[in-house]
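# just the structure for this:
(one chain, ligands or ions: 2)
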Amino acid sequence: MDYFRLRGVGVSPGIAIGEVFLTERVIFTSRKEEILPLQVKAELERLKDAIGKTEKQLTHIKEQIKEKIGEDHSFIFEAHLLILKDKSLFSDLVRIIKKEKSRAEWALSRVHEKYKTLFESISDEYFRQRKSDIEDVLTKIYRNLKPPESKRGDDDKEKILVAHDLLPSEAALRLSKGNVLAVALDMGGQTSHTAILARSLDIPAVVGLHNVTGRVRKGDFVIVDGTDGEVIVNPPLAIRKEFLSKKEKYDDYRKELKKTAKLSATTLDEVRFFPMANIELPEEVNLARSLGAEGIGLFRSEFIYLQSTTLPTEEDHYSIYSRLAKEAYPSPVYIRTVDIGGEKSLPQLKIEKEPNPALGLRAIRFSLRDRDIFKIQLRAILRASVEKNVRILIPMITEIEEIEEVKRLFWEIKEELRERRVKFDMNIPLGIMIEVPAAAAITDLLIREVDYISIGTNDLIQYYLAVDRSNEFVSYLYKPLHPSILRLIRFIIETAHREKKEVTVCGEMAADPLSAIVLLGFGLKKFSMNPIFIPRVKKALRSVEYKAVRKMVQKAMTLKTAQEVEEHIIENILVKHPNTFLMGHIT
Ligand code: PEP
Ligand code: MG
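Ligands and ions are numbered 1, 2, ... in the order given. Alright, predicted model coming up:
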């Protein structure tokens, strides 16, 4: 048995050691089988039967998952049922069968190709991932067209699941069984359903391995390192020992972090801070809470547009927001209005291609152009606000006029709902993201117009430093601790405090323990981040003294480079509290 190692992307931390279990890869037909015109009717019936069967299966799986791992995870099947019932998908299939006089298999493979090409042309990774939902539904229909397969005896032994890609429903079913030690996939990215699910079930996962399915065989012995994104196949004894001890250390560390989630979010000198979660799916609320989130600081509403091939209705929006509000209650949920347009384009929105999407028609710029879409979303958020824990966040604000326009629309919808006697929170707070440098520079003016601000450091840093961080040639310049960034963020935070308004940082910067300490030093108390990073940030902030950090950061502001700032903070913190980052940086 050959020993080799494969690199991928670690999307769910942890280490697992065990035997390989390979899932079968579904390949759509590439051969067109023609039928006679008089067979078309029967072929359409065959398709309808398969769709009917698929609907029954999906409803059944939905109920099962709801019972086994909770309502959160059954939601995906709700989305799949919607895709299945989508009229344009069905009419596409019917049209191909009728026009090309072909088998339903061929029609499914054509439609599959169409969506694959559409989704692959989207540059935003998160949106690209959503193609798997459509693929999932099409595969189920496809399988139901075939004569029923004899059931393979599914081994209950604990194994490492290796697959080309896991369809979202397959992922939910397999991972919930409790016998999957880890997952290794050819495909996938950070925001795929499998990644989110694996993280929430605490199963180590490495994706994007390209051809792990071609390199390993059933029964091979592998180590999956979800922290470092590595899969080690048939390791010699010495390597096994090394990873066993790494696994032990990691497991202890996880236990410690889980304990941290239950501890108070206060610094050594009892200054309270609030860790919150950035999420994209309502399924993530429980995970976020279990990791110590005190509210959802950023709900990226873009994903709602991916639940269907048509535009989401007010009811689609409403059911998600009210679920979020209820599940997070009494903690707050900050729902960000849609941040699409430009590179985060979606086929059903028919957005023009732009030469420079990052500087183009995105977020609020798009919402203020296509107001009907925006109003649907605002109305749904308002209707979901009855529990009084819903807040609104407007992305990519550049100038005062945009807020005035949003407030006008907002008021119009409130009036309309009042006339219709629909219940909502009349005092629902409204806030904006500060992520455009121009907005940052006029924080004092903007903040008087709203109830709070949230600093989106991901965009703010890239715009302020003029660095596209996904561009490998310049990403070395992307430095959150660049003195210019620190001055700008300090100005925003201090301005908010002077105006007695709430301020949060919701970019990646809040998830890095060292940067979070610097932000605390500016007086920041609200940190919103990917929930898996909450324990490490909480641990770091609990290890320091607010007063001392304030002083230390004041000194750091006199330094000339990001490196000097980093060294200054590390030296100072480690002298007093040697455990602040050591463990915290492992995650
Ligand atoms: C940000 O820009 O920091 C942010 C939180 O928004 P997104 O990452 O969704 O652009
Ligand atoms: Mg942003």
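
# interface residues of the chain facing ligand 2?
Contacts of the chain with ligand 2, taken as Cβ under 5 Å from the ion, map to 435, 456, 459. C-beta: built from backbone N, CA, C; applies to glycine.

# close to ligand 1: what parts of this protein are there?
298, 300, 339, 435, 456-459, 506-507 (Cβ under 6 Å from any ligand atom).

# ok so, going back, min pLDDT across the residues of the chain next to ligand 2, which one?
Among these, residue 459 has the lowest pLDDT, at 92.

# check which helix or strand it maps to.
helix 457-464 (DSSP states H and E).

# which residues touch that helix?
358, 396, 434-437, 440, 467-469, 478-480, 482, 484-485, 488-489, 505-510 (Cβ atoms under 8 Å, 6 or more residues apart in numbering).

# what residue in the stretch 101-250 of the chain comes nearest to ligand 2?
Nearest residue of the stretch 101-250 of the chain to ligand 2 (Cβ to the ion) works out as residue 124 at 11.7 Å.

# sorry, back to before: out of the contacts of helix 457-464, which are buried?
Neighbour-count burial (16 or more other Cβ atoms under 10 Å) is assigned, among these, to 396, 434-437, 440, 467, 469, 478-480, 482, 485, 488-489, 505-510.

# so of the residues you listed, which ones are in strands?
434, 505 (DSSP state E).

# which among the residues of the chain next to ligand 1 count as buried?
298, 300, 339, 435, 456-459, 506-507.

# now for the strand or helix carrying residue 240, which elements pack on it?
Using DSSP H and E, residue 240 sits within helix 237-262. For helix 237-262, the packing partners by 3 or more Cβ pairs under 8 Å, 6 or more residues apart in numbering; DSSP states H and E come out as strand 15-22, strand 221-225, helix 534-542.

# pipe those into a markdown table and attach mean pLDDT per row.
Below are the helices and strands packed on helix 237-262 laid out as a markdown table (pLDDT from 0 to 100):
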| stretch | mean pLDDT |
| --- | --- |
| strand 15-22 | 91 |
| strand 221-225 | 96 |
| helix 534-542 | 92 |
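
# give the residue spans of the stretch 451-587 of the chain that score low on pLDDT.
470, 581-587 (pLDDT under 70).

# give me the neighbour count for residue 499.
A total of 14 residues lie near residue 499 under the criterion other Cβ atoms under 10 Å.

# list the buried residues in the one helix or strand residue 372 maps to.
Using DSSP H and E, residue 372 falls within helix 371-383. Buried residues in helix 371-383, counted by 16+ other Cβ under 10 Å: 373-383.

# would you map out the domains in this protein?
The chain is divided into the following domains under automatic domain parsing: 1-239, 256-576.

# which one of these has the lowest average pLDDT?
The weakest mean pLDDT among those belongs to domain 1-239, with a mean of 83.

# residue 282: neighbour count?
23.

# make sure it is actually in contact with residue 324.
Yes - counting by Cβ atoms under 8 Å, residue 282 touches residue 324, with 5.2 Å between them.

# residue boundaries of the strands in the stretch 301-450 of the chain?
With strands called from DSSP state E, counting those that start in this stretch, the stretch 301-450 of the chain shows them at 333-336, 390-394, 430-434.

# and the ones you listed as a markdown table, adding distance to residue 135?
What follows is the strands of the stretch 301-450 of the chain, written out as a markdown table (distance: least, Cβ to Cβ, whole Å):
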| stretch | distance to residue 135 |
| --- | --- |
| strand 333-336 | 28 |
| strand 390-394 | 32 |
| strand 430-434 | 33 |
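
# quick one: closest of the ones you listed to residue 228.
Residue 228 sits nearest to strand 333-336 of all these, at 31.8 Å, using Cβ to Cβ.

# that closest one - contacts with which helices or strands?
Checking 3+ Cβ pairs under 8 Å, 6+ apart, strand 333-336 ends up next to strand 296-300, helix 314-328, strand 390-394.

# closest to residue 81 out of the ones you listed?
helix 314-328 (12.4 Å).

# the inter-axis angle of that closest one versus strand 390-394?
120 degrees (axes from the mean of the first three to the mean of the last three Cα atoms, to 10 degrees).

# next, the buried residues of the lengthiest helix in the chain.
In the chain, assigned by DSSP state H, the helix with the most residues is helix 40-69. When burial is assessed from 16+ other Cβ under 10 Å, helix 40-69 yields the following buried residues: 40, 43-44, 46-47, 50-51, 53-55, 57-58, 61-62, 65, 69.

# likewise for stretch 99-116?
101-112, 115.

# and what of stretch 488-497?
Judged by neighbour count using 16+ other Cβ under 10 Å, the buried positions of stretch 488-497 are 488-490, 492-493, 495-496.

# counting neighbours, what do you get for residue 262?
By other Cβ under 10 Å, neighbour count at residue 262 equals 8.

# so what's it up against?
Residue 262 touches residue 292, counting by Cβ under 8 Å, 6+ apart.

# distance of it from ligand 2?
31 Å (Cβ to the ion, to the nearest Å).

# and residue 452, its phi and psi?
Main-chain dihedrals, residue 452, degrees, to the nearest 10: phi -160, psi 170.

# how close does it get to residue 261?
Residue 452 sits at a distance of 25 Å from residue 261 (criterion: Cβ to Cβ, to the nearest Å).

# go on, residue 42?
According to Cβ to Cβ, residue 42 stands 58 Å off from residue 261.

# what's across from residue 185 in the sheet?
Residue 185 has these beta-bridge partners by DSSP bridges: residue 163.

# my read: it touches residue 216, true?
No - look at residue 185 against residue 216 with Cβ under 8 Å: they stay out of range, at 11.9 Å.

# overlap in contacts, those two.
Joint contacts of residue 185 and residue 216 (Cβ under 8 Å, 6+ apart) are residue 162.

# between these two, which is the more surrounded one?
residue 185 (30 against 23).

# measure the residue positioned nearest the centre of the chain to residue 310 for me?
Centrality entry for the chain: nearest residue to the mean C-alpha point is residue 280, 4.3 Å, by Cα atoms, centre = their mean. Taking Cβ to Cβ as the measure, residue 280 falls 20 Å from residue 310.

# just send the buried residues of helix 371-383 back as a markdown table, with distance to residue 80 too.
Formatted as a markdown table, the buried residues of helix 371-383 follow (distance: Cβ to Cβ, whole Å):
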| residue | distance to residue 80 |
| --- | --- |
| 373 | 24 |
| 374 | 27 |
| 375 | 28 |
| 376 | 23 |
| 377 | 23 |
| 378 | 28 |
| 379 | 26 |
| 380 | 21 |
| 381 | 25 |
| 382 | 28 |
| 383 | 25 |
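
# where do the helices sit along the stretch 1-150 of the chain?
Taking DSSP state H, counting those that start in this stretch as the test, the helices found in the stretch 1-150 of the chain are 40-69, 71-84, 87-100, 104-120, 125-129, 131-145.

# who wins for proximity to residue 387 among those helices?
Residue 387 sits nearest to helix 71-84 of all the helices of the stretch 1-150 of the chain, at 17.3 Å, using Cβ to Cβ.

# which parts of the closest one are buried?
For helix 71-84, by 16+ other Cβ under 10 Å, it's 71-77, 79-84.
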